[in-house]
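Chemist: Show me how the following folds:
(2 chains)
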Amino acid sequence: MSDVANRIKEEVTTNDVVLFMKGTPVFPQCGFSAAVVEVLDHMGVRFKGVNVLVDPAIRQGIKEFSDWPTIPQLYVKGEFIGGCDIVREMYETGELEQVFKDKGVAVQQAA
Amino acid sequence: MGAMAAAIDRKLSAALAPARLVIIDDSAKHAGHAGAREGGESHFTVDIVSAAFAGKSRVARQRMVYGLLKEEFDAGLHALALITRTPDEAG
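Modeler: Here you go, the predicted model:
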């Protein structure tokens, strides 16, 4: 495995929830990334944001790692969940909350 | 329809025999963004209804679409908002 693939693997295995995104959770620089941050914030899920804009190797490497050509990409306990459309759809149907629960990730949804 | 939209239409139509295929160019909404190109045609919403998605997960469905459009991504297509449903799901 290449260096960058190893770095990605380490990110997604040492952090429960990782979002590869453009910009940071506080200042997303892409509407699709912002939409996923909004869902995770709303659910009260703690996650690590990895800003691919400051790391070209990760930006390219993550696409190969997941065989997925676009950013953002959400990982939970090492498993690739999807991009913006999938995350939003799973949030709306309640499946995303179930994924977090099944994987033992704390969710603190506002009442 | 621009050249990119036409290519998306042609490839998805040929491979997925969609019951419904709607391609909307959202590029103007992303103007000035790093992935936007001169002349637009970088961002699209694509709504596809196809029996080819039956029995496949969301990730698998989108991977199918991305796989079919690999050349387009290499040629400047930047992002797709995808709706991938089977005829049953679309109702």
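Chemist: For chain A, which segments count as helices?
Modeler: Applying DSSP state H to chain A gives helices spanning A:3-14, A:31-43, A:56-66, A:84-93, A:95-102.
Chemist: Export those helices as a markdown table, with columns for mean pLDDT and distance to chain B.
Modeler: Heads up, the C-betas are built off the backbone N, CA and C, glycines and all. Below are the helices of chain A laid out as a markdown table (pLDDT from 0 to 100; distance: least, C-beta to the nearest C-beta, whole Å):
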| stretch | mean pLDDT | distance to chain B |
| --- | --- | --- |
| helix A:3-14 | 96 | 15 |
| helix A:31-43 | 96 | 6 |
| helix A:56-66 | 94 | 9 |
| helix A:84-93 | 96 | 5 |
| helix A:95-102 | 96 | 9 |
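Chemist: right, and those - which one's nearest B:Ala75?
Modeler: Proximity to B:Ala75 (C-beta to C-beta) singles out helix A:56-66 among the helices of chain A, at 15.6 Å.
Chemist: Residues in contact with the closest one: which ones?
Modeler: Applying C-beta atoms under 8 Å, 6 or more residues apart in numbering or on different chains, the contact partners of helix A:56-66 are A:2-5, A:7-9, A:20, A:50, A:52-53, A:68-71, A:73, A:80.
Chemist: Compute the inter-axis angle for it and helix A:3-14.
Modeler: Per axes from the mean of the first three to the mean of the last three C-alpha atoms, to 10 degrees, the angle that helix A:56-66 makes with helix A:3-14 is 70 degrees.
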